[in-house]
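[1] The amino acid sequence is not available; the structure is as follows:
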């Protein structure tokens, strides 16, 4: 669903700590310095490694934690960023930069209330900080508090009148609050300062497009797209104008471009279908129409849930249902936000609306989501919270087992899985967890037995099928069964790791080409997965040796 | 401007026909005995005026006209959903005396409502002197059901217009006995639709000479299961949104020609459980001679049923671009209307929507498709704060170009408590056609009647005082209605045409007249039940600007035959009888 436009100009500036400070561990400081140098040269991956090592050397090194969090934030790993920034603030509550970046993170993750609190506190500390003022304005803007956002942007512009990005956001606030005249004025002012900014071009073009002033809109939208080819909304509106001019071919190209950039863009699908019907490409039009209908149904479901939270903003049940809906459609960032809001709303004293304890449920969901995103520390905390609130539920124990397993804490993992099985003997995932631990410890027969038990509980437990296949490959027994298990596992859940298992099984069976095909398919699914590349290299190396 | 009063007897130009409403089989007598092919009436040699400076005022003359009726929605604080829809009205000439009478649909008490008297529907007879008298009791049309919509049509071809009324509960068909009374023929005709019906409209979709009936149905709602919606924390109760309730399919009744109807919803292809219908309009959008149907649905996609000419329809709203907004969003469609606002001979379409949505105007591309031109015609942004209901293309200033009227009013009387923007009472809007593909909203300049901030729902249109310009009657939720007299619209020239078919259904519903003056050609269709819950007068009104005569009038009758009349002086009512 196309939401009311709020295209923010990118004025969120990450604040790095530039000054070096004496710390007890010199090695940590050196690492920190190298990290800062890497940041300055834009080598964020390298910086990440340096800062990680720095905090390993000195766990109380607040600025290293802050810098680590900032790099995570820069790289889009928001969960890890939050942990590091919070750790920095915990160690050094007055660390301005960490707090500012934490506020920025809260803004980005929709927790604007928290962000505003921090920014307001920081402004009192440093009234002259433009970055903080702009961050506060942006947070107001994100929370639709346009009056305060406008006031704060004006304050910033009084201090620095040439900030074209702030001018753009000010215009955007005026637009969102219905003052189109002022919006146009400030977009134009921003363009006078910086004509090469895509946002004011695109936003101003959109205003004219919506007002039906096509000739004014067209050059602005074209310029916005030229300056930023990924500016999907500007390109979409360009498509609308081309359609009005009955240039259906070029309109279709524009909409297709938008869909490539944003595959869930409902309106682009709708208009592409409309365009194709007019081009007499009825079959393709119908196909796009069906995609539109599917996406639109999802958007409507989400919108309905979101609206429900607006009509009952203090009801944790509504937030929880919103979280489930986000999760259902793979919007895990938003789901995390919703579950976190459940925790804010569902105080332990509160009797839940339907008798269900939403605090427990939300904590468990947070554990699952954090685990899926590889944020193990946050997952562990969430599971522990869940267990503290409701110790008699098996799944959180199993979830905790998985976290410990991933962290390499096998004894703790073993205990957690066993705790889960004590509470629920039919919990297949806990059985499989124990099997994996046995496997890790080299107790292959015990592992096989556990996986078999898992499959007796649930013959579609793909993780157990995969685990068992791996064990057979490792023991070089029952390779045909291993192939069948890996195939079934992939059919049940198309994970690249299952294809990797299949490749290894084929390889073991001497079917090199099949092995290569399987691993290459896996790499197509997950091109960043180093383990897959390693397997491919191994298979190729072996093939080369054989051919020689 | 001169307002005219007339002698009641002068208006009686119709020839009476035999009729039989109460018998199970009613065989109509065709209009063969008409002796007048063109009747010149009410010649008004008024000076012509340009459309730019109209000086037109709409004046509230409700009480002056003798209308003291009040709508009752039966509210008791329980927020029953039917309270929100309001009720409609019909301008129609029930007594065949040449002027527009008025039928008003009313709500009914709901649980918890306390009333001294039972509200009823009401029929007002036009006295021909600018006033009306209540003839409900005599006419026998005072239904006490929870009423919403109405439409008129001569379903039994006896020469008199009958009334269909939609209710939350059983609908009613009142057969006009031709003597000032009506008979309730709901049971014998088989059109007692048990679903929650809203708008309705007659048309002869299979062109067999008998009017069929389309009934729009809304949602499944029961008084016993009325969910609590709103802000629970604040205790601020609101009417629920339609998302909370399942949709119901509309119903198409085929006229059997013997005084009964058959439900053909499924075989005709109308059955559709995805629409929560409120507005309906029949119109031949593709000029193939067969009437098509457009349905405005609330929160679900709108439907365009293309008449395939073989008794079936195909829903093509998405494919031709009239199902959603420009951005592919299903809006809360309320009312709808067809009209040729650009005078190109093809019907355009408008839909009113909820507040914080714009109303939508679709242009007919003349190739089977429509383009959303809301923004480009300047009819969108201004409608954003308003919750629109009835709408119609009317030429209020007689400049030869159709303008757009929109009735507005919110659902919630406690908007502030609910944290929502807007006001409960809202002024209505009138978009003046600028002749250049754009419109200007001019209601502020149209006198006190257009500045009223009522909770409007329905609107119907007629030249009730026969002075040559279109007057507006507006129904308001739980309050009295408004009759807005158009003072000054007749400064431009005009022509009104009453079509009388004799080889088809006599009321000529579905027939089309195309009027050419100088370089302008205008087209209107005789239509039953368009807009929202309402019925316009069947007589066609054409503004002629400064033209003092019409060069040609081409009539396309429902059965496909055409007829041309030439050189007709302006400023009169004429009757064209089918040859």
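    Okay, I see it. Only a predicted model underlies this, so the values are computations on that prediction, with no experimental measurement involved.
[2] For the closest residue to residue A:92 other than its chain neighbours, what are phi and psi?
    In this structure, residue A:92 finds its nearest non-sequential neighbour in residue A:62, 3.7 Å apart by Cβ to Cβ, 6 or more residues apart in numbering or on different chains. All C-beta atoms are positioned from the backbone trio N, CA, C, and that covers glycine. Here is the backbone geometry of residue A:62 (degrees, to the nearest 10): phi -60, psi -40.
[3] Look up how far residue B:83 lies from residue B:112.
    From residue B:112 across to residue B:83, the span is 11 Å (Cβ to Cβ, to the nearest Å).
[4] Looking at those two, which is more packed in?
    residue B:83 (22 against 11; other Cβ atoms under 10 Å in any protein chain shown).
[5] what's around the closest residue to the more buried one other than its chain neighbours, how many residues?
    Spatial nearest neighbour of residue B:83, chain neighbours left out: residue B:73 (4.4 Å); criterion: Cβ to Cβ, 6+ apart. Number of residues near residue B:73 (other Cβ under 10 Å) recorded here: 25.
[6] in terms of contact, does residue B:73 touch residue B:478 like I think?
    Yes - using Cβ atoms under 8 Å, residue B:73 is in contact with residue B:478, at 4.4 Å.
[7] Could you tell me which residues touch both of these two?
    B:83, B:107 (Cβ atoms under 8 Å, 6 or more residues apart in numbering or on different chains).
[8] Please identify the residue most distant from the middle of chain B.
    Distance from the C-alpha centroid of chain B peaks at residue B:233, with 41.2 Å (Cα atoms, centre = their mean).
[9] still on that earlier bit, you'd agree the residue nearest to residue A:92 is up against residue A:96?
    No - look at residue A:62 against residue A:96 with Cβ under 8 Å: they stay out of range, at 11.3 Å.
[10] re the thing from before, quick one: residues contacting the residue farthest from the centre of chain B.
    Contacts of residue B:233 by Cβ under 8 Å, 6+ apart are A:312-315.
[11] Helices of the stretch 51-200 of chain A, start to end?
    Using DSSP state H, counting those that start in this stretch, the helices of the stretch 51-200 of chain A run over residues A:62-75, A:78-91, A:96-108, A:112-125, A:130-142, A:146-159, A:164-176, A:180-193, A:198-210.
[12] Please render those helices as CSV that adds mean pLDDT and mean neighbour count to the earlier fields.
    Listed next are the helices of the stretch 51-200 of chain A as CSV, based on pLDDT from 0 to 100; neighbours: other Cβ atoms under 10 Å in any protein chain shown:
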stretch, mean pLDDT, mean neighbour count
helix A:62-75, 92, 25
helix A:78-91, 88, 22
helix A:96-108, 89, 24
helix A:112-125, 90, 18
helix A:130-142, 92, 24
helix A:146-159, 95, 18
helix A:164-176, 96, 26
helix A:180-193, 97, 18
helix A:198-210, 96, 25
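[13] quick one: pLDDT of residue B:234?
    Per-residue confidence at residue B:234 stands at 86 (pLDDT).
[14] dump the residue contacts of it.
    Counting by Cβ under 8 Å, 6+ apart, residue B:234 has contacts residue B:417.
[15] what bits of the stretch 251-400 of chain A have low per-residue confidence?
    A:348-356 (pLDDT under 70).
[16] Kindly recompute the last result at 80.
    In the predicted model, the stretch 251-400 of chain A carries pLDDT under 80 at residues A:311-312, A:347-356.
[17] Look through it and state the residue closest to chain B.
    Closest residue of the stretch 251-400 of chain A to chain B, Cβ to the nearest Cβ: residue A:270 (2.7 Å).
[18] so who does that residue touch?
    A:292, A:296, B:324, B:327-328.
[19] Looking at the residues you listed, state which has the most neighbours.
    Neighbour max across the contacts of residue A:270 (other Cβ under 10 Å) = residue B:328, 26 neighbours.
[20] how close does the nearest residue to that one once chain neighbours are set aside sit to residue A:279?
    The shortest distance from residue B:328 to any non-neighbouring residue, by Cβ to Cβ, 6+ apart, is to residue A:270 (2.7 Å). For residue A:270, the distance to residue A:279 (Cβ to Cβ) stands at 15 Å.
[21] One more: residue A:481?
    53 Å.
[22] how deep is residue A:493 tucked in, by neighbour count?
    15.
[23] My error: substitute residue B:126 in the last question.
    27.
[24] Got the phi and psi for it?
    Taking degrees, to the nearest 10 as the convention, residue B:126 sits at phi -70, psi 120.
[25] Now do the same contact list for it.
    B:97, B:99-102, B:132, B:464.
[26] In strands, which of those residues fall?
    Cross-referencing those against strands under DSSP state E gives B:101-102, B:132.
[27] Tell me the one of those residues nearest chain A?
    residue B:102 (37.9 Å).
[28] if I pick the closest one, what's in contact with it?
    B:67, B:89-91, B:123-124, B:126, B:132, B:460, B:464, B:473 are the contacts of residue B:102 under Cβ under 8 Å, 6+ apart.
[29] OK, contacts around residue A:526?
    Shown in contact with residue A:526 (Cβ under 8 Å, 6+ apart): A:496, A:532.
[30] and whichever residue of the stretch 51-200 of chain B sits closest to chain A, what does it touch?
    For the stretch 51-200 of chain B, the residue closest to chain A is residue B:79, as judged by Cβ to the nearest Cβ, at 13.4 Å. Residue B:79 is in contact with B:226, B:229-230, B:237-240, counting by Cβ under 8 Å, 6+ apart.
[31] Narrow those residues to just the buried residues.
    Buried by 16 or more other Cβ atoms under 10 Å in any protein chain shown: B:229-230, B:237-240, out of those.
[32] Throw those into CSV and include secondary structure, distance to chain A and pLDDT, thanks.
    Listed next are those as CSV, based on DSSP: H, G, I helix; E, B strand; the rest coil; distance: Cβ to the nearest Cβ, whole Å; pLDDT from 0 to 100:
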residue, secondary structure, distance to chain A, pLDDT
B:229, strand, 7, 90
B:230, strand, 7, 88
B:237, strand, 11, 94
B:238, strand, 8, 93
B:239, coil, 12, 94
B:240, coil, 10, 92
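[33] So residue 216: helix, strand or coil?
    In the absence of a named chain, chain A is used. helix (DSSP: H, G, I helix; E, B strand; the rest coil).
[34] you looked at the wrong chain, it should be chain B
    Applying three-state DSSP: residue B:216 is strand.
[35] Tell me, what's the model's pLDDT at the residue in chain B positioned nearest to chain A?
    Per Cβ to the nearest Cβ, residue B:328 is where chain B lies closest to chain A, at 2.7 Å. Listed pLDDT for residue B:328 reads 94.
[36] With residue B:499 as the reference, measure out to it.
    In terms of Cβ to Cβ, residue B:328 sits 40 Å off from residue B:499.
[37] Ok, residue B:564 next?
    Counting by Cβ to Cβ, the gap from residue B:564 to residue B:499 is 13 Å.
[38] between those two, who's got more neighbours?
    Per other Cβ under 10 Å, whichever of residue B:564 and residue B:499 has more neighbours is residue B:499, with 29 against 11.
[39] quick check, the more buried one in a strand?
    Yes - applying three-state DSSP, one finds residue B:499 inside a strand.
[40] ok, the closest residue to chain B within the stretch 401-548 of chain A - contacts?
    Closest to chain B within the stretch 401-548 of chain A is residue A:494: 30.2 Å, counting by Cβ to the nearest Cβ. Applying Cβ under 8 Å, 6+ apart to residue A:494 gives the contacts residue A:525.
[41] so residue A:138 touches residue A:169, yeah?
    Yes - here residue A:138 reaches residue A:169: they are 6.7 Å apart, a contact under Cβ under 8 Å.
[42] Direction included, what does the helix or strand in which residue B:282 is found pair against?
    Assigned by DSSP states H and E, residue B:282 belongs to strand B:277-283. Strand pairing for strand B:277-283, determined by DSSP bridges: strand B:292-297 (antiparallel).
[43] tell me which parts of chain B are close to chain A?
    When proximity is defined by Cβ under 8 Å from any Cβ of the partner chain, chain B lies next to chain A at B:229-233, B:238, B:241, B:243, B:318-321, B:324, B:326-330, B:369, B:371, B:373, B:375-378, B:380-381, B:438.
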